[in-house]
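> Using only what follows, build the 3D model:
(chains A and B)
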There are 2 protein chains.
Amino acid sequence: MRILGVDTAVRCTGVGAIETAGQRACAIEYGCIRNAPGLSLSGCLQSLYTEMRGWIERIEPDEIAIEGVFFCRNVKTAMSLGHARGAVIAACGDVQAPIHEYSPRRVKQAVCGFGAAGKDQVTRMIVQLLALPRSPAADAADALALAVCHWHASRGIQAMDSRI
Amino acid sequence: MRILGVDTAVRCTGVGAIETAGQRACAIEYGCIRNAPGLSLSGCLQSLYTEMRGWIERIEPDEIAIEGVFFCRNVKTAMSLGHARGAVIAACGDVQAPIHEYSPRRVKQAVCGFGAAGKDQVTRMIVQLLALPRSPAADAADALALAVCHWHASRGIQAMDSRI
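Residues are numbered from 1 along each chain as shown, chains lettered A, B, ... in the order given. Model prediction:
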């Protein structure tokens, strides 16, 4: 099964794909979609959509895992995250792969064993779990962690959060 | 000048295009992009993106006006609106037309003369201003009102809100 994890944000979106077979998983491709600081919001969202379409076409995922926003106190943050998620989800919309959402806490629990793990710990565990040759960028590691989290959930090791 | 107004929402997005020349304006095309109640979020956003691309290609707007979200108390509402705006703004991203944002109050002021006008009043004024043969759906009327609001702002009749 091919799982594509996406950690969405307007300026830097992490993307990571894994291939799983039974109890084994390996990383296929991972990286970040970065937008230059001066680029307009419309430029950022259009590039995010186009880059995501590229990932979808290359990877042909069976399942997609994105970060769910279950708690967000700030309206401005929610709107900004909503913009990035809108462009990413629209790009994933015409593939048959179902999209699942996981909270950051659930992802950390799946990868590190506890929900309050730090970013460094997530990256270190992802390097170990997927036997990566070197540390990926933090956002790419988060995307791979989302994919690993969904892999665990699909094997019944942990509960699924929600499907959108 | 061709102005495309877009009143974004996940389930029903109003779209309206006007052609302006000096002090005159007429409606070119207007309608709603509707998503069926049972459609998944990803299905809705993908259809919103695709339909918007169609509008952009048909109309070839010089300027685009969308509803700005300057006040939104509810995080859930902000996220939902953000999703729809993300798909719409991504669809507008590769055209050269700049995107302007106007608050609902500013739009009502431009069309009806006062910011607290009701939906019915906006629709009635849009029918009159653009000499429409019949009343459009409320969301399409709001989209045309956004276009009219931007037309006024570009002629210096009122101030612009912001450009994104």
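
> how close does the residue in chain A sticking out farthest from the centre get to chain B?
For chain A, the C-alpha lying farthest from the average C-alpha position belongs to A:G38; by Cα atoms, centre = their mean, that distance is 24.6 Å. The span separating A:G38 from chain B equals 13 Å under the rule Cβ to the nearest Cβ, to the nearest Å. Any C-beta I mention is one placed from the backbone N, CA and C, and that applies to glycine too.

> Which of the three states applies to that residue?
Secondary structure of A:G38, reduced to three states by DSSP: H, G, I helix; E, B strand; the rest coil: coil.

> List phi and psi for it.
Torsion angles at A:G38 (phi, psi; degrees, to the nearest 10) stand at phi -80, psi -10.

> I'd assumed A:H83 was in a strand, is it?
No - with the criterion set as three-state DSSP, the secondary structure at A:H83 is helix rather than a strand.

> Enumerate the positions of whatever helix or strand A:I33 lives in that are buried.
For A:I33, the host element (DSSP states H and E) is strand A:24-34. By neighbour count on 16 or more other Cβ atoms under 10 Å in any protein chain shown, the buried set for strand A:24-34 is A:25, A:27-28, A:30-33.

> counting contacts, what elements does that strand pack onto?
strand A:12-21, helix A:41-59, helix A:138-154 (3 or more Cβ pairs under 8 Å, 6 or more residues apart in numbering or on different chains; DSSP states H and E).

> so, in contact with chain B or not, the first one?
No - counting by Cβ under 8 Å from any Cβ of the partner chain, chain B has no neighbours in strand A:12-21; the shortest distance is 11.9 Å.

> Send me that strand as CSV with only the CA atoms.
Included here for strand A:12-21 are C-alpha records, laid out as CSV according to Å, rounded to 0.1, in the frame of the first residue of the first chain:
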residue,chain,number,x,y,z
CYS,A,12,6.3,25.3,3.6
THR,A,13,4.4,22.0,3.2
GLY,A,14,6.1,18.7,4.0
VAL,A,15,5.3,15.7,1.8
GLY,A,16,6.4,12.1,2.3
ALA,A,17,5.4,8.9,0.7
ILE,A,18,5.9,5.4,2.1
GLU,A,19,5.3,1.9,0.6
THR,A,20,4.2,-0.7,3.0
ALA,A,21,4.0,-4.5,2.9
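
> partner strands of that strand, parallel or antiparallel?
Next to strand A:12-21 in the sheet, as set by DSSP bridges, lie strand A:2-7 (antiparallel), strand A:24-34 (antiparallel).

> the inter-axis angle of that strand versus helix A:138-154?
Strand A:12-21 and helix A:138-154 meet at an angle of 40 degrees, taking axes from the mean of the first three to the mean of the last three Cα atoms, to 10 degrees as the criterion.

> just how off-centre is strand A:12-21 within its chain?
If you compare the mean C-alpha spot of strand A:12-21 with that of the full chain, they lie 7 Å apart, counting by Cα atoms, centre = their mean, to the nearest Å.

> Any buried residues in it, and which?
By neighbour count, and taking 16+ other Cβ under 10 Å as the criterion, the buried residues in strand A:12-21 are A:12-20.

> Looking at these, spot the one nearest B:L129.
Distances from these to B:L129 were compared by Cβ to Cβ; the smallest belongs to A:T13, at 41.8 Å.

> my guess is the closest one contacts A:D139, does it?
Yes - taking Cβ atoms under 8 Å as the definition, A:T13 is a contact partner of A:D139 at 7.0 Å.

> list residues touching both of the two?
Counting by Cβ atoms under 8 Å, 6 or more residues apart in numbering or on different chains, the contacts common to A:T13 and A:D139 are A:7, A:32.

> Residue numbers of chain A in contact with chain B?
Along chain A, the residues adjacent to chain B under the rule Cβ under 8 Å from any Cβ are A:40-43, A:45-49, A:69, A:72-75, A:78-94, A:99, A:164.
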